[in-house]
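1. Build the 3D model from these lines:
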Amino acid sequence: MSSMLDAYTKGRKQPDKHKAHKSKSSSSSPSVSFLFVVNKLLINQGESCDMHRDVWHNELPPRNCWGYDGEAASRVMRYEGGQVTEARGYRWYRPMVRQEGFCVDSAFVAVECYSHAAVFSCNPHLPVVIIPADPTTLPDREQTMHALHFFHPPDPLRGLSQATTPDASYLPPHGGGPVKYVAGRNPSWIPGLVPQTYAAPRSNAGLPPSRGLGGELPIVLGLMAFSGAPDQVYMSRSDSGHRGYWRDRVWTHNHSPPLYPNITQPPRGFYVAVFYDPENPDGSTPERIRSFEWDSPVVNEYPSSSSSSAAASSSSRR
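-> The predicted structure is shown next:
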């Protein structure tokens, strides 16, 4: 375990110079990349469990770590160049339930975490709920929960919806406070990624057409998780020819997510952690990942049907 502690006391794990093959050999800037996990949270439904409900008796996520029975961990995945693949040589490790988890390499050295959060769908009457932490490690007190909000940036990003919470640790310096509806009209990723209740009000005629979805990566990746198993949702695999629903920075699954709970089911949630990529030190810095989140869409608008064939041809060349 000393190697894991060293990674946190001495800074982020430094890649071997022979493995950092993506940065120095080319005069062009390397692609942004990051590692991530999407772990399904297992909620304790035992009779002795203290169910957390609001004043209208809607069931909410557990108020402390004792409300969780653990997690179903995903593979460690890597985003780079518009594609998600398995990050071979890395795995998720949590020593025990209710202890902090880590992304570790083959030498059992921990990779530094960029950000993390848990994303919950409770029932059709409630908003998407965000816990800006690992809820399985929170002490015996009611944790901070927030409804999903969107920041509306001004020009030149006007029309881009940036997923966040009201008291986020970072928000762009210009623009108003986050609100509970998206920033543009007719986004292609509603209802496939964000519930219909977050659509822009029809009375707000001044909103521009949607320019995509960005914002905090754990939230955006967590919203994707309700559409199916991680391998199906995110991963592109050359052996089978399968491509994930999120590819070339476009969300291609336009149906309402099948993993949203119905009115009779308990909340369903995912813990998402994003890590720096040790094999791409120049393309996986705090500045590069933050720019990926806030300076452009993480999810671009899906091409219109009239241009779908051209878009498919263009995507195949990226």
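
2. what about Trp92, neighbour count?
-> As a burial measure, Trp92 scores 16 neighbours (other C-beta atoms under 10 Å). (C-beta placed from N, C-alpha, C; glycine too.)

3. hey, what's it bridged with?
-> As for beta bridges, Trp92 partners with Cys103 under DSSP bridges.

4. got the contact list for it?
-> Listed by C-beta atoms under 8 Å, 6 or more residues apart in numbering, the contact set of Trp92 reads Val37, Asn39, Ala73, Ser74, Val76, Gly101, Phe102, Cys103, Val104.

5. so Ala225 sits in a helix?
-> Yes - looking at Ala225 with DSSP: H, G, I helix; E, B strand; the rest coil, it is inside a helix.

6. How confident was the prediction at it?
-> According to the prediction, Ala225 has pLDDT 98.

7. how many neighbours does it have?
-> For Ala225, using other C-beta under 10 Å, the count is 24.

8. Give me the phi and psi angles of Pro135.
-> phi -70, psi -20 (degrees, to the nearest 10).

9. With adjacent residues omitted, what lies nearest to it?
-> Distance criterion C-beta to C-beta, 6 or more residues apart in numbering; nearest residue to Pro135, sequence neighbours excluded, is Ala118 at 4.9 Å.

10. does the one you found sit in a helix, a strand or a coil?
-> strand.

11. Let me know the pLDDT of it.
-> pLDDT, Ala118: 97.

12. Over to Trp66?
-> The confidence metric pLDDT takes the value 88 at Trp66.

13. Can you list the strands that the longest strand along the chain pairs with?
-> In the chain, assigned by DSSP state E, the strand with the most residues is strand 33-43. Using DSSP bridges, the strands paired with strand 33-43 are strand 68-72 (antiparallel), strand 77-80 (antiparallel), strand 268-275 (antiparallel).

14. can you list the weak-confidence ranges in the protein?
-> Scanning the chain for pLDDT under 70 picks out the ranges 1-27, 47-50, 140-143, 238-241, 304-318.

15. redo that, cut-off 80
-> 1-28, 46-51, 140-143, 203-205, 236-242, 304-318 (pLDDT under 80).

16. if you compare the strands paired with strand 33-43, which one is most tucked away?
-> Of all the strands paired with strand 33-43, strand 268-275 carries the top mean neighbour count, a mean of 25, counting by mean count of other C-beta atoms under 10 Å.

17. immediately after that strand, which helix or strand?
-> Where DSSP states H and E defines the elements, the next helix or strand beyond strand 268-275 is helix 286-294.

18. Tell me which residues of that following helix come out buried.
-> Arg288, Ile289, Phe292, Glu293, Trp294 (16 or more other C-beta atoms under 10 Å).

19. So which of these is the closest to Pro132?
-> Each of the buried residues of helix 286-294 was checked against Pro132 using C-beta to C-beta; the closest is Glu293, at 14.3 Å.

20. which residues sit in contact with that closest one?
-> Contact analysis of Glu293 by C-beta under 8 Å, 6+ apart lists Gln162, Gly214, Gly215, Glu216, Leu217.

21. Count the residues that sit near the fourth one.
-> In other words, Glu216. Neighbour tally, Glu216, other C-beta under 10 Å: 29.

22. for the last one, same thing?
-> Residue neighbour count, defined by other C-beta under 10 Å, stands at 24 for Leu217.

23. Can you name the residues that contact it?
-> Phe34, Phe36, Tyr114, Ser115, Val272, Val274, Ile289, Phe292, Glu293, Val298.

24. Distance of it relative to Tyr79?
-> Counting by C-beta to C-beta, to the nearest Å, the gap from Leu217 to Tyr79 is 9 Å.

25. shared neighbours, the two?
-> Phe34, Phe36.

26. Which SSE is immediately downstream of the longest strand of the chain?
-> strand 52-53.

27. what does that next one contact?
-> So strand 52-53 is in contact with Glu59, Leu60, Pro61, Pro62, Arg63, Gly67, Glu142, going by C-beta under 8 Å, 6+ apart.

28. Just the buried ones from these?
-> Buried, going by 16+ other C-beta under 10 Å: Glu59, Leu60, Pro61, Pro62, Arg63, Gly67, out of those.
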